[in-house]
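A.B. asks: Okay, sequence plus prediction incoming.
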Amino acid sequence: MSAFTAHNIRFPDGSVTMPELDHLLADVPWCGGAKRVLNMLYRGAPQGKRIADLGCLEGGYALEFARMGMDAFGIEVRESNYVNCLEVKRRAGLANLDFAKDDVLNLPKYGMFDVIFCCGLLYHLDNPRAFVRMLGEHARDAVIINTHYAPWDWYPKSVFTLSGIEQHEGHPGRWYFEHDLTDPEALEKLKWASWENKRSYWPMKEALLQSIAEAGFDLVFEQFDTLGDILGNGTNEQTMANHRGVFVGIRTGS
């Protein structure tokens, strides 16, 4: 097991993965927001539903979904993160929690899911529209996508270095440089970066929402309760300069 870098998890014995932090992953608004969507979708009874956590990092979100009674399956490409996922599985002791070491582009080989959770991943891909389309082909009920997107007006104040507005996959957006590495060992050390592509494409928010709709989800919305204090955080310049949001697509069957 390597040191945890992102997910502070409390186990049944009371131990935590990142004791230096003063909060747990289970208590952050992003996690609570995802759980609220799932409870709304399944009317408070998500037990037995199958959920994929793509690019699951250290497995914290997948664990929380398993604790809700869902069959949670995390996919993580980096060995060091995957080892931590296995440690989470061992210490949590839940039979409905599992992980695979794989590239998320290989999602189809794992079959269908009821929900796909994609947090901190889409903005590391170079063909996000095609990827969202693939999610639609493998999620029966819903997708929850937590991601950065390309800004229109706030670009000069962005905390990221992005290209000018371009067209890619037929949608407007901006390119983000990831790295220029090819060595697997070096890539392994970049825990919070793309895997193979050297740059990633960030669509505009409207383009992302359109992609979700095109993927077959007839109810598409941005989820704002994940900000916690919606007024305070939503109008905070730092938050706006990060231009990140949670976007949900649901099949209503109507």
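C.D. replies: Ah, there it is. Numbering: from 1, shown residues only.
A.B. asks: Quick check: the gap between the closest residue to Leu97 other than its chain neighbours and Asp53.
C.D. replies: Spatial nearest neighbour of Leu97, excluding adjacent residues (CB to CB, 6 or more residues apart in numbering): Ala66 at 3.9 Å. The way it works is simple: take the backbone N, C-alpha and C, and place the C-beta from them, glycine included. According to CB to CB, to the nearest Å, Ala66 stands 10 Å off from Asp53.
A.B. asks: can you give me the strands for the stretch 151-254 of the chain?
C.D. replies: Ranges of strands in the stretch 151-254 of the chain, per DSSP state E, counting those that start in this stretch, are 166-168, 171-177, 199-203, 219-223, 244-250.
A.B. asks: what's the last one in contact with?
C.D. replies: Translated: strand 244-250. Here strand 244-250 makes contact (CB atoms under 8 Å, 6 or more residues apart in numbering) with 30, 33-34, 37, 41, 136, 141-149, 205, 208-209, 212-213, 215, 217-223, 226.
A.B. asks: if you set the cut-off to 6 Å instead, what comes out?
C.D. replies: Contact with strand 244-250 is made by 37, 142-146, 148, 212, 217, 219-223, 226, as judged by CB atoms under 6 Å, 6 or more residues apart in numbering.
A.B. asks: Which pair in these has the greatest spatial separation?
C.D. replies: Spanning the widest gap among these are His148 and Leu219, at 22.8 Å by CB to CB.
A.B. asks: tell me which element Val83 falls in.
C.D. replies: Applying DSSP states H and E as the criterion places Val83 in helix 79-92.
A.B. asks: And that helix, what does it pack against?
C.D. replies: If contacts are counted by 3 or more CB pairs under 6 Å, 6 or more residues apart in numbering; DSSP states H and E, helix 79-92 sits against strand 71-76, strand 97-101.
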